[in-house]
Structure formats: structure tokens, C-alpha cells
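**Q** Just to be clear, the model below is a prediction. Sequence and coordinates:
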Amino acid sequence: MLALGIGMGAIVNKKLLARRWAYKQLLLLSCLVSILGSIAVWWLESSPWFVIPMILVVMAYGIAIPNILSYALRHYADCVGTAGALFGMLYYGLIGTGLVSVGAGQSLGMSLTISSIVAMCLGWRQTKSA
């Protein structure tokens, strides 16, 4: 199910890029989708149905991550492989840290919602300065 969400995010990303959506628009869209999915996960947290809105969360990642990486690496074409590997290591380190915090707090929905709101704030700030 979650792989379906990532695939859907990649398809949506490709279609929106074809329609000439800008980095800023894609970043804010992915944050909004993540917030909506996170709130729904929180709401359905005690039910097995929480997996359905979780698809929205991973779909948002499928939209955001490629755009963030391409934007961050736009000036580093000569070392894109090394930079991509470092970003990947950081990404998986952050996922691990997030899993530890979710395990400590015992609330996936709350953790996702807080993370999504922080991402929206940072994304909004990024789009204003970029």
C-alpha cells in the first residue's frame, strides 16, 4: 500500500512538472498533502484503516523529495553522485531518528502531524527566500 503511495507521488510529480509547476508550488503542495494525510492518520490511529491516509503522507514524500534534491543540487552538477549519497544518508538517518521518536511517543499520527506542520513552515520560509 505504501509503495502505491510513493508511485502515485512520482506520477503526480511527473504530471505537474509537465504542466510547468514550479519548485515552490510542488513543495507547498507536498506539505499540504502531508498535513492532511497526517491528521487523518492521527484520527484513525487506533484503527487498521490508518494505512489509507498514510498513502497520502508517502505520496507527499514522492512529490517533495525529488524536487528538494534537484533544487539543492542544481549548482553541484560536477559532484551530484557524492552529494546525492550524502543526502540519502542524511535522509535515512532522519527517518531512523523519527522512528525512535515515534516509538518513544507512541503516537504516529501526532508525530506525523507535527513533522508535517514543521515541514510546511520551513517550506513556506524556503519559498519566500528562494
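**A** Cool, the structure landed.
**Q** Count the residues that sit near Gln126.
**A** For Gln126, the neighbour count with other CB atoms under 10 Å is 15. Where C-beta positions appear, they are placed from N, C-alpha and C, glycine not excepted.
**Q** Can you tell me, leaving aside adjacent residues, what's nearest to it?
**A** Nearest residue to Gln126, sequence neighbours excluded (CB to CB, 6 or more residues apart in numbering): Leu27, at 6.8 Å.
**Q** where's the one you found, which helix or strand?
**A** Element membership for Leu27 (DSSP states H and E) is helix 23-43.
**Q** Flag every buried residue along that helix.
**A** 23-24, 26-31, 33-42 (16 or more other CB atoms under 10 Å).
**Q** Show me what that helix packs onto, helices and strands only.
**A** Applying 3 or more CB pairs under 8 Å, 6 or more residues apart in numbering; DSSP states H and E, one finds that helix 23-43 makes contact with helix 2-18, helix 51-72, helix 108-129.
**Q** Now it - C-alpha only, PDB.
**A** Provided in PDB are the C-alpha atoms of helix 23-43 (Å, rounded to 0.1, in the frame of the first residue of the first chain):
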ATOM      1  CA  TYR A  23       9.500  24.100  -7.300                       C
ATOM      2  CA  LYS A  24       7.800  26.300  -4.800                       C
ATOM      3  CA  GLN A  25       4.300  25.200  -5.800                       C
ATOM      4  CA  LEU A  26       5.300  21.500  -5.600                       C
ATOM      5  CA  LEU A  27       7.000  21.900  -2.300                       C
ATOM      6  CA  LEU A  28       3.900  23.600  -0.700                       C
ATOM      7  CA  LEU A  29       1.600  21.100  -2.300                       C
ATOM      8  CA  SER A  30       3.500  18.200  -0.900                       C
ATOM      9  CA  CYS A  31       3.500  19.800   2.600                       C
ATOM     10  CA  LEU A  32      -0.300  20.300   2.400                       C
ATOM     11  CA  VAL A  33      -0.900  16.700   1.300                       C
ATOM     12  CA  SER A  34       1.300  15.500   4.100                       C
ATOM     13  CA  ILE A  35      -0.500  17.600   6.700                       C
ATOM     14  CA  LEU A  36      -3.900  16.300   5.500                       C
ATOM     15  CA  GLY A  37      -2.700  12.700   5.500                       C
ATOM     16  CA  SER A  38      -1.100  13.100   8.900                       C
ATOM     17  CA  ILE A  39      -4.200  14.400  10.500                       C
ATOM     18  CA  ALA A  40      -6.200  11.600   9.000                       C
ATOM     19  CA  VAL A  41      -3.600   9.100  10.300                       C
ATOM     20  CA  TRP A  42      -3.900  10.600  13.800                       C
ATOM     21  CA  TRP A  43      -7.700  10.400  13.600                       C
END
